[in-house]
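*Asks:* Next comes the sequence, and after it the predicted model I'd like to discuss.
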Amino acid sequence: MKNKLKKFRYLLFIPLAGLIILFSATTDNYFEISKNLDIFATLFKELNIYYVDETNPGDLIKTSIDAMLEKLDPYTNYIAESDIEDYRFMTTGQYGGIGALIRKKDNYVMIAEPYENFPAQKAGLIAGDVILEINGKTAKDKSTSEMSKILKGQPGTEVKLLIKREDEPNPLEKTLIREEVKISDVPYFGIVKDSIGYIKLTSFTETASKEVKNALESLKENNSMKSLVLDLRGNGGGLLREAVNIVDLFVEKGQVVVSTKGKITEWDRSHVALNSPVDTKIPLTVLIDGNSASASEIVAGALQDLDRAVIIGNKSYGKGLVQQTRNLSYNAKLKVTVAKYYTPSGRCIQKLDYSHRSKDGVVSAIPDSLIAAFKTKGGRVVYDGEGITPDLHVEELRASQISQTLLNKMLLFDFASVYRKKHPAIPPAKDFRLTEEDYKELITFLDGKDYVYTTRSEKMLEDLEKVARKEKYLDDVQKEYEALKTKLHRNKNEDLKKFKDEIKEILESEIVSRYYYQKGRVENYLSYDPDLKKAIEVLSDEKLMASVFDKSFVAKKIKNEEEEELKKDSKPANPNAEDEENLDEN
């Protein structure tokens, strides 16, 4: 009995000790917060009273807040009252304004692309129009962010622009009435081949799942779609609930889509499919790339883990963090990372570890030694800590140096504007192609224009020269070096011929946007799209699609291929060697 009481007292001591430690830690934490806030307040007061020059308290506070949050992750941000409109646009896709993309050119901001059926387009603004004045005040030397704030405003209000248009002798006056602008999450959907449907999703605002559902039902009812490509490339994400609702369209009701875990239990929750699906059987592929992030990765990761879709393209961005917006004083907000999310298999695909930085503040990727394996519903192996790895990889095409230079210097943009003036109409976006004569006109247009560039090979050769000179080897190989330098020196006209197909592809997209806007850009590119071609190949071949999901199918296929190879080989097979080969492959 005595031993039991002693044991009881010992067991009682454990939770009490835990409570004391917890209370002590909490008290210490509150004391640290109170102490440092007091230090900051007194420092700020003394600084503003005694600093030799006049200070701007608002700027100082904003700088200190931004510097503090920079120590955490890039998704935890302070949103001042003046920036609330931009924040609203990120979550709703809506804002009051003229409806146009703008970009800087020399000392002014110009219209890069008006949105179809919104004030800029209705008023006759076209890509390339330079804004000289806005509401009677000069627009010279204003940044795109400054101009954006001026152009946005309450729907129904008026904004007057004075613009300069190429080949027009005098500036043009345009009066626009701002509207509520809503950017569509689904800029394009349609049938790409036979009965294969395609939906392009560019963001996850609060209407994303509704737009995808409408597109899906329209393709099924009006076009007899039998399989689908969902394109999430370049989609940086948005609202988590919209990602869940989109997965909901393709999986059974009640299925766990994503789970979140945070520091406080409020964020330890599972998000399940709540609505009746539209189609749980339709063959599905999802396209992703390095710019598919956050909500895009939730959709791709869930459909991959549930063996519901074949993921095609390139590895995604790797953002496995969830943010929530908290209200602050004076209508400001804090967007703060509150949790990590986990796909149905249990993996978190967060790539960078912001909790561990080097002494100089550099953030590293999760090391390979900590990458863990998980299994999909059907038993396939997938990994955490590195984004979503596609089931079928398609080589990512890198734009040539000349294409990048022509884009950056806006020479293709300018030529597209010239082309638009010469051609009042063009064929439908999906059918439009530049002729050889058109390309010759481009070469003539570029003649005398400044687009000097250095290729990667030339840059590496320059680095080699520096090292060879430093190590005193350059004199010994000077002749060979000069010969190689001469060979590598790019003749711009040669590159215009060598990369003609690539340049034409980019230019066609730019020209099409002058007639058919964003929807036309998407539609035109699909005919070239290597990822889409792979998706069509998979959806057109039941065995190929099955091979991605069915491990036994893959094993059988490999075994058959090996047996065929062995038959070709006259030398008797070594069973042990075959086992070793299989082990290496697995």
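*Replies:* Alright, I've got the coordinates. Residues are numbered from 1 along each chain as shown.
*Asks:* sec struct for Ile102, please.
*Replies:* Assigned with DSSP: H, G, I helix; E, B strand; the rest coil, Ile102 falls in the strand class.
*Asks:* excluding its backbone neighbours, what's nearest it?
*Replies:* Distance criterion C-beta to C-beta, 6 or more residues apart in numbering; nearest residue to Ile102, sequence neighbours excluded, is Val109 at 5.1 Å. Backbone N, C-alpha and C define where each C-beta goes, glycine included.
*Asks:* So what are the sheet partners of whichever strand or helix holds that neighbour and their directions?
*Replies:* Using DSSP states H and E, Val109 maps to strand 108-114. Take DSSP bridges as the rule and strand 108-114 pairs in its sheet with strand 100-105 (antiparallel), strand 130-134 (antiparallel).
*Asks:* and the residue nearest to Ile102, what is it in contact with?
*Replies:* Neighbouring residues of Val109 by C-beta atoms under 8 Å, 6 or more residues apart in numbering: Ile102, Arg103, Val130, Ile131, Ala139, Lys142, Ser143, Thr144, Met147.
*Asks:* Could you point out which of those is nearest to Arg398?
*Replies:* Closest approach to Arg398 among these (C-beta to C-beta): Arg103, at 23.0 Å.
*Asks:* So this protein: which segments form each domain?
*Replies:* 18-72, 94-182, 188-393, 402-534, 550-585 (automatic domain parsing).
*Asks:* Kindly confirm my reading that Ala120 is in a helix.
*Replies:* Yes - under three-state DSSP, Ala120 sits within a helix.
*Asks:* burial count for Lys140?
*Replies:* As a burial measure, Lys140 scores 12 neighbours (other C-beta atoms under 10 Å).
*Asks:* coming back round to it: output the strand holding Val109 in CSV with nothing but the alpha carbons.
*Replies:* The C-alpha atoms that make up strand 108-114 are tabulated as CSV, following Å, rounded to 0.1, in the frame of the first residue of the first chain:
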residue,chain,number,x,y,z
TYR,A,108,6.1,56.2,-69.3
VAL,A,109,3.6,53.4,-68.5
MET,A,110,1.8,51.9,-71.4
ILE,A,111,-1.2,49.6,-72.0
ALA,A,112,0.2,46.0,-72.4
GLU,A,113,-3.1,44.2,-72.9
PRO,A,114,-6.7,45.4,-72.4
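*Asks:* quick one: it to chain centroid distance?
*Replies:* Distance of strand 108-114 from its chain centroid, counting by C-alpha atoms, centre = their mean, to the nearest Å, is 23 Å.
*Asks:* What average pLDDT does that strand get?
*Replies:* Mean pLDDT, computed over strand 108-114, is 95.
*Asks:* Any chance of the domains of the chain in CSV with distance to Asp83 as columns?
*Replies:* Shown next, in CSV, are these (distance: least, C-beta to C-beta, whole Å):
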stretch, distance to Asp83
domain 18-72, 10
domain 94-182, 9
domain 188-393, 9
domain 402-534, 25
domain 550-585, 50
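*Asks:* Highest mean neighbour count out of these?
*Replies:* Of these, the one with the most neighbours on average (mean count of other C-beta atoms under 10 Å) is domain 188-393, at a mean of 19.
*Asks:* Just the terminal-to-terminal distance for that domain.
*Replies:* End-to-end distance of domain 188-393: 24 Å, with C-alpha to C-alpha, to the nearest Å as the criterion.
*Asks:* Please tell me how far that domain is from the chain's geometric centre.
*Replies:* So, by C-alpha atoms, centre = their mean, the centroid of domain 188-393 is 12 Å from its chain's centroid.
*Asks:* what angle do the host helix or strand of Val418 and strand 100-105 make?
*Replies:* Val418 is part of helix 411-422, with elements assigned from DSSP H and E. Here helix 411-422 runs at an angle of 120 degrees relative to strand 100-105 (axes from the mean of the first three to the mean of the last three C-alpha atoms, to 10 degrees).
*Asks:* Ile443: what's it in contact with?
*Replies:* Counted by C-beta under 8 Å, 6+ apart, Ile443 has contacts Asn493, Leu496.
*Asks:* Can you read off the backbone torsions of it?
*Replies:* Dihedral pair for Ile443: phi -60, psi -40, per degrees, to the nearest 10.
*Asks:* Could you tell me the least trusted of the domains of the chain?
*Replies:* domain 550-585 (a mean of 42).
*Asks:* can you pull the contacts of Ile134?
*Replies:* Met147, Ile150, Leu151, Val159, Lys160, Leu161, Leu162.
*Asks:* what do you get for Ile246?
*Replies:* Contacts of Ile246 (C-beta under 8 Å, 6+ apart): Leu201, Ala208, Ser209, Val212, Val299.
*Asks:* Residues touching the longest strand seen in the chain, excluding its own?
*Replies:* In the chain, taking DSSP state E as the definition, the longest strand is strand 333-342. With contact meaning C-beta under 8 Å, 6+ apart, strand 333-342 is reached by 72-73, 75-79, 84, 87, 240, 258-264, 267, 298, 320-328, 348, 350.
*Asks:* try it again with 7 Å
*Replies:* Strand 333-342 is contacted by residues 73, 75-79, 87, 258-262, 267, 298, 320-328, 348, 350 when judged by C-beta atoms under 7 Å, 6 or more residues apart in numbering.
*Asks:* swap in stretch 539-555?
*Replies:* Stretch 539-555 is contacted from outside by 196, 227, 283, 285, 307, 310, 378-380, 391-392, 537-538, 557, using C-beta under 7 Å, 6+ apart.
*Asks:* Check those residues and tell me the two furthest apart.
*Replies:* Going by C-beta to C-beta, the pair spanning the contacts of stretch 539-555 furthest: Ile196 and Gly379, at 27.9 Å.
*Asks:* can you map out the strands along the stretch 201-350 of the chain?
*Replies:* 227-231, 256-262, 269-272, 284-288, 310-313, 321-327, 333-342 (DSSP state E, counting those that start in this stretch).
*Asks:* Save these as TSV, and put in distance to Lys485 too.
*Replies:* Below are the strands of the stretch 201-350 of the chain laid out as TSV (distance: least, C-beta to C-beta, whole Å):
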stretch	distance to Lys485
strand 227-231	43
strand 256-262	54
strand 269-272	59
strand 284-288	40
strand 310-313	38
strand 321-327	47
strand 333-342	50
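*Asks:* And the ones you listed: which comes nearest Asp38?
*Replies:* Asp38 lies closest, by C-beta to C-beta, to one member of those: strand 333-342, at 21.0 Å.
*Asks:* Okay, angle between that closest one and strand 321-327 too, please.
*Replies:* In terms of direction (the same axes, to 10 degrees), strand 333-342 departs from strand 321-327 by 150 degrees.
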